[in-house]
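Peer 1: following is a predicted model, sequence given first.
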Amino acid sequence: MKLGDKFELKTFENQVRAYYDDPTIKKNINEYLRDPENFKKTIGYVEGPPTMNGEPHLGHLRGRIIKDLWFRKSTLEKKKMEFQPGWDSQGLPVELQAEKILGLTGNKSDNLRKVGIKKIVETCKKLILEYNKKWVEVDSLIGMSFNYDKGYWTYTDTYIEREWKYISKALEDGILREWFRVVAYCPSCQTSLSNAEINQSYEQVEDPSFYYKVKLKESATFLVVWTTMPFTLITDELVGVNPEAQYLTLEVDFKGKNEKWIVSENRVKELMADLKIENYEVVDTFLGIKLEGQYYIHPLIENIPGLNDLSSQGKIHFVVAENFVDVTTGSGIVHLSPANGEEDFEIANRRKIPIFVPIDDKVCFTKDAGKYQNQFVRDVDPIVVNDMQLTDSVVKIGRITHKYPTCWRSHHKIVWLARKEYFYMIDVLGDQPIVAASKVNYFYEQPKNRFQEIIREKVPWCISRERVWGTPLPIWKCTKCSFKEGLFSRKAIIARASYLPDGETFELHRPWIDEVLIDCPKCQNKMKRELFVLDTWHNSGSAPYSSLSDVEYDTLIPAEFLTEGIDQTRGWAYTLLMLNVIFKKSPQSPFQSFLFTGHVLDDKGNKMSKSLGNVVDAKSLLTDNSVDLIRLYFIWKSSPIEP
């Protein structure tokens with residue numbers, strides 16, 4: 001190294017880099033790392049793959065620096081660490097970026113109609129390779145020690161076939177289930193979302209605060225109900241009260257009329273003040289259980305033929321007394337829309353009440369919704385309020401600002417929607433996941449407690465997505481008798497195929513795999529693939545097995561050490577552990593230790609995120625500043641779990 005008269009760190013750095021890039025030096029280093037005689041043992045590693053839908057920024061550097069430091073530490077300790085990168089290359093983030101590149105600004109249906117599946121898929125393949133070049137360039141600048149020749153991509157046919165092994169085992173053990181239930185659904189992306197995705201993206205939003213009244217069928221008394229989603233009156237089936245709470249019957253002077261209203265005792269003073277009603281009198285006090293089973297009249301029933309059919313049969317539109325009803329908000333009385341609410345759905349299901357879902361994949365009302373058909377559900381809010389005005393059923397309409405889940409990519413308000421999806425029934429695993437999680441070293445109590453609490457929730461995991469670019473769900477369904485069959489390898493698909501338009505070397509992606517037909521063994525009619533792809537977290541979470549060979553998986557997993565950001569307690573770390581328990585059929589984690597790190601924040605204290613536009617470009621930072629100082633700063637500045 002030649003030292004000049006000036007202390008110029010970038011000059012020194014470039015000299016070191018040139019020395020390191022010398023082919024002879026590279027050859028010597030690689031020969032040393034490949035020689036097992038230089039190491040006491042070999043340990044595994046699985047890279048938490050960054051998504052190839054954008055360029056690396058400052059927020060990515062902290063984790064990569066810690067990963068590389070662990071590799072260097074392990075090497076000095078005579079541990080041969082199989083240190084290869086991973087590239088997350090499928091899923092909604094990549095697909096949305098492809099739509100952006102193609103100039104598509106509509107929803108999923110509009111975009112597919114304009115360009116088709118194949119164009120979007122080919123654009124996805126192209127963009128991930130382009131972004132990968134930029135990631136490798138930044139890795140080179142920062143001095144990452146990855147073996148890029150052995151890096152894994154989550155979109156390859158080889159990876160997909162191995163990922164299907166998890167589906168096969170889950171189906172075999174009764175963990176995978178097609179299930180009709182309420183899921184979080186993004187109207188823009190037109191796909192379901194998992195609980196993990198929803199918990200990542202709550203935002204302050206403004207919604208209606210709508211008080212309305214419905215008349216009890218056998219009396220002149222009204223129930224005063226509160227909702228923030230007027231459109232759900234179209235799927236309204238029940239009204240809920242708390243069985244153990246006190247309710248009051250009031251005589252009120254409302255708009256020049258004397259009426260009897262029922263509201264929660266807890267809310268009467270605040271509610272009357274909010275409604276500016278001074279003249280009212282309590283005429284009865286009773287427990288909510290007294291209202292159980294009493295029928296009410298839906299004010300808009302004549303507008304909604306599908307709902308009218310169920311109501312005329314006495315199957316819906318009565319009061320249910322349930323402990324989940326919160327008597328400290330609204331009027332203490334809620335309406336239940338089983339098509340659009342998780343608890344509402346569970347109550348209707350338990351009581352064997354039919355679920356009315358007049359909503360299509362575009363989140364528009366169908367013909368069963370009568371007057372409201374062909375309209376996006378949230379656009380119907382003001383229409384419903386206006387129609388309720390015409391029936392003299394509005395008590396008050398206002399606005400409320402509250403936290404509500406949004407799509408983590410489109411930032412569109414999600415809609416809770418009853419649909420048929422494929423789920424991993426996590427409760428079937430019993431205590432195996434928490435037993436596996438309890439054996440892991442987390443270095444700090446706070447992330448440990450957070451992660452283990454999430455594991456204990458045992459929430460069903462919706463693994464199916466109604467999108468294009470992802471690992472296809474390898475299940476075929478008969479077009480006539482609905483018999484289903486799983487085919488979990490290319491070989492199995494070819495053996496069963498009765499129509500193979502692209503030959504035996506077809507790509508394991510949409511649209512090519514969608515065209516493969518098989519004959520139903522039950523009725524001999526054609527079977528088509530279920531048009532779902534897998535959750536992108538399933539794709540990356542299968543990496544311990546999907547990215548390695550059988551021998552490597554058996555010898556290198558569990559990995560000694562992994563690290564990612566704290567948000568991965570609900571993301572990658574969660575799916576890694578769940579999938580490994582499913583795969584091994586035992587309480588075994590794929591990692592011995594996991595360091596959850598704090599996020600890199602901007603100058604306002606917000607997490608750096610591409611979607612927020614508050615990131616610092618990694619390449620510019622590393623080009624203009626001393627890389628060694630940047631590495632030192634991230635390691636020295638604070639505890640890993642601090643932002």
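Peer 2: Cool, got the structure.
Peer 1: how about Arg419: what's its closest non-neighbour residue?
Peer 2: Residue nearest to Arg419 in three dimensions, not counting chain neighbours: Val183, with 5.8 Å by C-beta to C-beta, 6 or more residues apart in numbering. For the C-beta atoms, the positions are set from N, CA and C on the backbone; glycine is no exception.
Peer 1: so that neighbour, which of the three states?
Peer 2: At Val183, secondary structure determined by DSSP: H, G, I helix; E, B strand; the rest coil is strand.
Peer 1: how near is the residue nearest in space to the middle of the chain to Leu102?
Peer 2: Centroid-nearest residue in the chain, with C-alpha atoms, centre = their mean: Glu197, separated by 2.7 Å. Separation of Glu197 from Leu102 (C-beta to C-beta, to the nearest Å): 24 Å.
Peer 1: next one: Pro405
Peer 2: From Pro405 to Leu102 the distance is 28 Å (C-beta to C-beta).
Peer 1: before we move on, back to that, pretty sure the residue nearest to the centre of the chain is in a helix, no?
Peer 2: Yes. Applying three-state DSSP, one finds Glu197 inside a helix.
Peer 1: right, and it touches Val183 too?
Peer 2: No. Applying C-beta atoms under 8 Å as the test, Glu197 and Val183 come out as separate, 10.7 Å apart.
Peer 1: re earlier: neighbour count for Pro405 and Leu102, which is higher?
Peer 2: Pro405 (20 against 14; other C-beta atoms under 10 Å).
Peer 1: can you tell me which residues contact that one?
Peer 2: Ala184, Ile198, Asn199, Ser201, Tyr202, Lys413, Ile414 (C-beta atoms under 8 Å, 6 or more residues apart in numbering).
Peer 1: setting aside sequence neighbours, what's the nearest residue to it?
Peer 2: Looking at Pro405 with C-beta to C-beta, 6+ apart, the closest residue is Ile198, at 4.6 Å.
Peer 1: you'd agree that neighbour is up against Lys413?
Peer 2: No. Between Ile198 and Lys413 there is no contact under C-beta under 8 Å: 11.5 Å.
Peer 1: give the contact list for the residue nearest to the centre of the chain.
Peer 2: By C-beta under 8 Å, 6+ apart, the contact set of Glu197 is Ala184, Trp408, Trp537.
Peer 1: burial of the last one, as a residue count?
Peer 2: Same thing as Trp537. Counted by other C-beta under 10 Å, the residues lying close to Trp537 total 24.
Peer 1: quick one, phi psi at the nearest residue to it once chain neighbours are set aside?
Peer 2: Among residues not flanking Trp537 along the chain, Thr575 sits closest, at 4.6 Å (C-beta to C-beta, 6+ apart). In terms of degrees, to the nearest 10, the main-chain angles of Thr575 are phi -70, psi -40.
Peer 1: with Asn323 instead?
Peer 2: phi -70, psi -20.
Peer 1: ditto for the one 5 residues further on
Peer 2: The phi/psi pair for Thr328 (degrees, to the nearest 10) reads phi -100, psi 0.
Peer 1: do you know how far it is from Lys290?
Peer 2: From Thr328 to Lys290 the distance is 20 Å (C-beta to C-beta).
Peer 1: between the two, who's got more neighbours?
Peer 2: More crowded of Thr328 and Lys290, by other C-beta under 10 Å: Lys290, with 14 against 10.
Peer 1: pretty sure that one is in a helix, no?
Peer 2: Yes. Read with three-state DSSP, Lys290 is one of the residues of a helix.
Peer 1: so how far is Val319 from it?
Peer 2: Taking C-beta to C-beta, one finds Lys290 at 9 Å from Val319.
Peer 1: do a quick rundown of the strands in the stretch 301-450 of the chain.
Peer 2: Secondary structure of the stretch 301-450 of the chain by DSSP state E, counting those that start in this stretch: the strands cover 318-321, 334-336, 394-405, 415-424.
Peer 1: hmm, who's touching the first one?
Peer 2: Outside strand 318-321, the residues that touch it by C-beta under 8 Å, 6+ apart are 223, 238-243, 288-289, 291-296, 336, 347, 351.
Peer 1: hey, C-alpha coordinates of that strand in CSV?
Peer 2: The C-alpha atoms that make up strand 318-321 are tabulated as CSV, following Å, rounded to 0.1, in the frame of the first residue of the first chain:
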residue,chain,number,x,y,z
PHE,A,318,-82.4,-11.1,15.3
VAL,A,319,-80.4,-10.0,18.4
VAL,A,320,-77.6,-12.2,19.7
ALA,A,321,-76.1,-11.7,23.2
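Peer 1: centre of the chain versus that strand, how much separation?
Peer 2: 32 Å (C-alpha atoms, centre = their mean, to the nearest Å).
Peer 1: just the mean pLDDT for it, thanks.
Peer 2: Across strand 318-321, pLDDT averages out at 97.
Peer 1: closest to Ile128 out of the contacts of Pro405?
Peer 2: Ser201 (23.2 Å; C-beta to C-beta).
Peer 1: any idea how far the nearest residue to Tyr155 once chain neighbours are set aside lies from Glu130?
Peer 2: Using C-beta to C-beta, 6+ apart and skipping the chain neighbours, the partner closest in space to Tyr155 is Ser89 (4.3 Å). Look at Ser89 and Glu130: by C-beta to C-beta, they are 12 Å apart.
Peer 1: next one: Glu244
Peer 2: Distance from Glu244 to Glu130, by C-beta to C-beta: 61 Å.
Peer 1: can you check Val468 too?
Peer 2: Taken as C-beta to C-beta, the span from Val468 to Glu130 is 19 Å.
Peer 1: and what of Ile175?
Peer 2: 38 Å.
Peer 1: those two: who's more crowded?
Peer 2: Ile175 (22 against 11).
Peer 1: got the contact list for the more buried one?
Peer 2: Counted by C-beta under 8 Å, 6+ apart, Ile175 has contacts Lys169, Tyr424, Met425, Ile426, Val428, Leu429, Ile582.
Peer 1: would you agree Glu251 falls within a strand?
Peer 2: Yes. Glu251: assigned to a strand according to three-state DSSP.
Peer 1: that one bridge partners, please.
Peer 2: Counting by DSSP bridges, Glu251 forms beta bridges with Lys260, Glu281.
Peer 1: isn't it up against Ile277?
Peer 2: No. Applying C-beta under 8 Å as the test, Glu251 and Ile277 come out as separate, 10.9 Å apart.
Peer 1: which of these two has more residues huddled nearby?
Peer 2: The neighbour comparison of Glu251 against Ile277 (other C-beta under 10 Å) goes to Ile277, with 17 against 14.
Peer 1: and what about the more buried one, helix, strand or coil?
Peer 2: What three-state DSSP gives for Ile277 is coil.
Peer 1: let me see the contact set for the nearest residue to it once chain neighbours are set aside.
Peer 2: In this structure, Ile277 finds its nearest non-sequential neighbour in Val252, 5.6 Å apart by C-beta to C-beta, 6+ apart. For Val252, the contact set (C-beta under 8 Å, 6+ apart) comprises Asn258, Glu259, Lys260, Trp261, Met272, Ile277, Asn279, Tyr280.
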